[in-house]
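> what's the 3D shape of this:
(chains A, B, C and D)
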Protein chains: 2
Amino acid sequence: MARETDQGRTSSDKVGTICRALRRAIIEQALEPGAKLPEDALGERFGVSRTIARHALGQLAAEGLVELRRNRIAVVATPSWQEARDTFDIRIELERLVVRQLAGRLSRAQIAALKAHVDAEDAARGGPDAVSIRLATEFHILLATMTESPILIRYVSEIAYRCCLILSLFSRPHSSECAINEHRLLIDTLAEGGADKVMSLMHSHLDSVADRALVAQAKPRGRDIMDILAPYAETPPARPAGKAGPGRSLRRDAAE
Amino acid sequence: MARETDQGRTSSDKVGTICRALRRAIIEQALEPGAKLPEDALGERFGVSRTIARHALGQLAAEGLVELRRNRIAVVATPSWQEARDTFDIRIELERLVVRQLAGRLSRAQIAALKAHVDAEDAARGGPDAVSIRLATEFHILLATMTESPILIRYVSEIAYRCCLILSLFSRPHSSECAINEHRLLIDTLAEGGADKVMSLMHSHLDSVADRALVAQAKPRGRDIMDILAPYAETPPARPAGKAGPGRSLRRDAAE
DNA sequence: GGCACACAAAGTGCATGCATGTTTTTTGTA
DNA sequence: TACAAAAAACATGCATGCACTTTGTGTGCC
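Okay, here's the model as predicted:
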C-alpha cells in the first residue's frame, strides 16, 4: 500500500499496445500503404472501444505512419517519392548525430548487444524480406537508444519506421547482405572511436540504403491509382478497355 | 488547386484549434513549463468535451510540448538541460537541410515574405520578449515551409516550438536585435544562392541562439520543486552547503 | 442503356456516463 | 499540537450512444 510511485505493472496502456502492434504490422508490410484502418475493426480486433483505436490512430498519424482524413477511414501512409527522398535526407543527418555522440563511448556490453543484433539480422537472411527490413531498422533504433537522448531516440525511431514504409513501397526484393556487412563495419568503427569516420560511414551506409530503395523512381507500387494512371491519361478514353478513363474514386486496391 | 493535402483547414477541426491555441500559449510562455493542463478545464475553456481536449493533449505530447503521465494531470513539458542541448543539435542539422534546399531557389515573392516577417520581428522589438521569441521561431518555420517538404516542415516546426519552450526555461531576458540581423543576413545569402555559405551561416546563427539560451546551465526557472531542491537534499536542512553543483536532475519517472 | 437523384449502409466526430486512480481535506487519536 | 488514516473531491481511462458525413446501391427518367 505504502508504495511510492509504482506505476509499472498496473498500467494497461492500451493505446500504446495498439500503436506498437500497428507499427509492427506496417513495417512488416502486413499492412501495405493505403490499407484501410477503420476504427471499429481495430477496436474489435484489439478488444477495446473505438475511442482507444481512434487515439492510437492519432498517435500513428503524428508519427507519419498513418494518414488521417476527416470523416474518412484512416489509411496507412503512402509517401510520395519526393517525400521519400526528403525523409532519407533527414535520416542521414539525424543518424550522423547519433554516431557522433556514440563514437568511442560505447561500453563493451553495448557493443556486444549491437553485434548480437546483427547476428540476428544474419540469421534472418533466409526468411522473408519484411523481417530483414524490420531488423535492419531496429538496428538503427538500437543505436539511437544508446545515445540516451530522448529526443534523438524519438526522431530516429520515427523516421526509421517511415523509411521502412518507404522501402516497402519503392524497394524491389531486398538484398540485405551488404547492409549487414555495413552494420558490422559501423560497429567496429564506432568502437574505434573516430567520430568523423563513423559519421561519413553512416552517411554512405544510409546513402546506399536510400539508393537501393529509390533508384527506381518510376515504380510506386501501392500508389494511388490516379497517380499511377497519370502518364496514360493523355489518350482519350475512346477505348475504355478497363484502364483508360479513371473517373474519380477508383482506389479499389489494398485492404481486403 | 491540389486535389488532396487539404487537411484541417475546413470544417470544425476542434482538435487542431485547441492544439494551435495551446502551442501558441506555450511558446509565448502564457503557459510555463510545468503548468497543469486538466482535460476538464481545457474542454470547458474551448467549449468542447474532455474527449477532444484529451485528443489534443495527445497530439501535443507527440510533439513533445506536453508531458502525459498516466492517471495524472498533463503538464507543459519541462525539458532538462541535456535535452535542450540535444534539441538544438538536431535543430541545427534540420535547418541546415532547409537552407540547403532553399539556397538560390527562392522566388521574389518568397524573399519579400521573409523580409516582411523580419520587419514584423523588428516592429515587435519593444514589446514583450515572448512575442519576439515567437516571431523569431516563426521565421524559421516560414523558411521550412518554403521547402514544401511536408516532413521537413513538420520536424522543423516541432523542434522549433520545443526550442521556444527551452528558451522560456533557460534563457534570461532575450536580446533579439542580433537575431534579427542574423535573419536578414540569412535572407540575403539565401537569395545569392551559395548553399554551403548559407548552411554554415544558419549553423552559426543557431549556435549563437543556443548559446544565448544555454550558457547559464544552472538556471532552470520553472522546474519542478523536487529538481530545484535536489542539490540541497543530500545534506540535512540544518546547513545547506551552498551549491553542490547541479550535476544530474533526478528522474523520478520509472518509465520502464 | 446510361445518367442523376434518392436512399440506405457504413464510418467518423463528438459528448456523456461510469469506473478507477490520485490529490486534498477532514477527522480521529496520541 | 502533531500526525496519520479515512473520506470526499477531483481527474483520468474508457465504453457507449447519437448525429452528421461519406459512400455504395437502387430506382426513375431520359
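> Report the buried residues of stretch A:110-119.
Buried positions in stretch A:110-119, judged by neighbour count with 16 or more other CB atoms under 10 Å in any protein chain shown: A:Q110, A:A113, A:L114, A:H117, A:V118. To be clear about C-beta, it is placed using only N, CA and C from the backbone, and glycine gets the same treatment.
> same thing with stretch A:17-24?
A:I18, A:C19, A:L22, A:R23.
> In helices, which of the residues you listed fall?
If you go by DSSP state H, those have A:I18, A:C19, A:L22, A:R23 in helices.
> Tell me, how many residues neighbour whichever residue of the stretch 151-256 of chain A sits closest to chain B?
Using CB to the nearest CB, A:I151 is the residue of the stretch 151-256 of chain A that sits closest to chain B, at 5.2 Å. A:I151 has 22 neighbours, counted by other CB atoms under 10 Å in any protein chain shown.
> Which members of the buried residues of stretch A:110-119 occur in helices, if any?
Residues of those located in helices (DSSP H): A:Q110, A:A113, A:L114, A:H117, A:V118.
> average model confidence for stretch A:30-43?
Averaging pLDDT along stretch A:30-43 yields 94.
> How about that stretch and chain B, any contact?
No - against chain B, stretch A:30-43 shows no contacts by CB under 8 Å from any CB of the partner chain, the least distance being 12.8 Å.
> any idea how far A:R100 lies from A:D119?
Going from A:R100 to A:D119 by CB to CB, to the nearest Å gives 26 Å.
> and A:G193, what are its phi and psi?
Main-chain torsions, A:G193, degrees, to the nearest 10: phi 120, psi -10.
> what residue ranges in the stretch 51-200 of chain A score low on pLDDT?
A:172-178 (pLDDT under 70).
> who in it is up against DNA strand D?
Contacts of the stretch 51-200 of chain A with DNA strand D, taken as CB under 7 Å from any atom of the strand, map to A:T51, A:I52, A:R70, A:N71, A:R72.
> Distance to B:H183 for the residues you listed - can I get that in CSV?
What follows is those, written out as CSV (distance: CB to CB, whole Å):
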residue, distance to B:H183
A:T51, 44
A:I52, 44
A:R70, 36
A:N71, 40
A:R72, 40
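> Just the buried residues of those residues.
A:I52.
> just the residues of the stretch 51-200 of chain A next to DNA strand D now: which is nearest A:D188?
Using CB to CB, A:I52 is the member of these that lies nearest A:D188, at 44.5 Å.
> distance of the nearest residue to that closest one once chain neighbours are set aside from B:I111?
Using CB to CB, 6 or more residues apart in numbering or on different chains and skipping the chain neighbours, the partner closest in space to A:I52 is A:K14 (5.1 Å). A:K14 sits 50 Å away from B:I111, going by CB to CB.
> Same check on A:M146?
43 Å.
> do you know how far the residue nearest the centre of chain A is from DNA strand D?
With distances taken as CA atoms, centre = their mean, A:Y161 lies nearest the centre of chain A, 2.2 Å away. Distance of A:Y161 to DNA strand D, computed by CB to the nearest atom of the strand, to the nearest Å: 22 Å.
> my guess is that residue contacts A:E63, does it?
Yes - using CB atoms under 8 Å, A:Y161 makes contact with A:E63 at a distance of 6.8 Å.
> okay, and the common contacts of these two?
Shared contacts of A:Y161 and A:E63 (CB atoms under 8 Å, 6 or more residues apart in numbering or on different chains): A:R23.
> Next up, phi/psi of A:I73, please.
Dihedral pair for A:I73: phi -70, psi 140, per degrees, to the nearest 10.
> Give the burial count for the residue of chain A found nearest DNA strand D, as a bare number.
Relative to DNA strand D, the nearest point of chain A is A:S49 (3.0 Å; CB to the nearest atom of the strand). As a burial measure, A:S49 scores 14 neighbours (other CB under 10 Å).
> Excluding residues flanking it in the chain, which one is nearest it?
A:G43 is the one closest to A:S49 (CB to CB, 6+ apart), at 5.4 Å.
> residues in contact with that neighbour?
Taking CB under 8 Å, 6+ apart, we find A:G43 in contact with A:S49, A:R50, A:I52, A:A53.
> try A:D40
Neighbour list for A:D40: A:R50, A:A53 [criterion: CB under 8 Å, 6+ apart].
> In three-state terms, label it for me.
Of the three states, A:D40 takes helix under DSSP: H, G, I helix; E, B strand; the rest coil.
> So A:Q29 is in contact with A:S171, correct?
No - between A:Q29 and A:S171 there is no contact under CB under 8 Å: 10.5 Å.
> From chain B, how far out is the closest residue to A:I180 other than its chain neighbours?
Nearest residue to A:I180, sequence neighbours excluded (CB to CB, 6+ apart): A:E121, at 5.2 Å. As judged by CB to the nearest CB, to the nearest Å, A:E121 and chain B stand 25 Å apart.
> before we move on, what about A:T147?
For A:T147, the distance to chain B - CB to the nearest CB - is 8 Å.
> What's the local residue count around that residue?
19.
> Hmm, A:F88 is touching A:L214, no?
Yes - at 7.2 Å, A:F88 counts as touching A:L214 under the criterion of CB under 8 Å.
> any common contacting residues for those two?
Residues touching both A:F88 and A:L214 by CB under 8 Å, 6+ apart: A:I166.
> coming back round to it: would you check which pair of the ones in helices among the buried residues of stretch A:17-24 lies furthest apart?
For those, the maximum inter-member distance is 9.4 Å, found between A:I18 and A:R23 (CB to CB).
> rewinding a little: which single one of the residues of the stretch 51-200 of chain A next to DNA strand D is nearest to B:P128?
Using CB to CB, A:R70 comes nearest to B:P128 of these, at 35.9 Å.
> The helix or strand harbouring A:I26 and DNA strand C, any residue contact?
In this structure, A:I26 sits in helix A:14-27 according to DSSP states H and E. No - using CB under 7 Å from any atom of the strand, helix A:14-27 never reaches DNA strand C; the gap is at least 13.2 Å.
> contact partners of that helix?
Here helix A:14-27 makes contact (CB under 8 Å, 6+ apart) with A:31, A:37, A:42, A:46, A:48, A:52-53, A:55-56, A:59-60, A:63, A:65-66, A:76, A:130, A:133-134, A:137, A:161, A:164-165, A:168.
> Kindly recompute the last result at 6 Å.
Applying CB atoms under 6 Å, 6 or more residues apart in numbering or on different chains, the external contacts of helix A:14-27 come out as A:31, A:46, A:48, A:52, A:55-56, A:59-60, A:65, A:76, A:134, A:161, A:164.
> Which ones among those map onto helices?
For the contacts of helix A:14-27, membership in helices holds for A:F46, A:I52, A:H55, A:A56, A:Q59, A:L60, A:R134, A:Y161, A:C164, with DSSP H as the criterion.
> Spatially nearest residue to the fourth one, not counting backbone neighbours?
Using CB to CB, 6+ apart and skipping the chain neighbours, the partner closest in space to A:A56 is A:I18 (4.0 Å).
> For the one you found, report the pLDDT, please.
In this prediction, A:I18 carries a pLDDT score of 96.
> May I see the buried residues of the helix or strand containing A:S208?
Secondary-structure assignment from DSSP H and E places A:S208 in helix A:195-214. For helix A:195-214, burial by neighbour count (16+ other CB under 10 Å) applies to A:A195, A:V198, A:M199, A:L201, A:M202, A:H205, A:L206, A:V209, A:A210, A:R212, A:A213, A:L214.
> Give me the neighbour count for the closest residue to the first one other than its chain neighbours.
So the one you mean is A:A195. Among residues not flanking A:A195 along the chain, A:A103 sits closest, at 4.0 Å (CB to CB, 6+ apart). The criterion is other CB under 10 Å. On that basis, A:A103 has 21 neighbouring residues.
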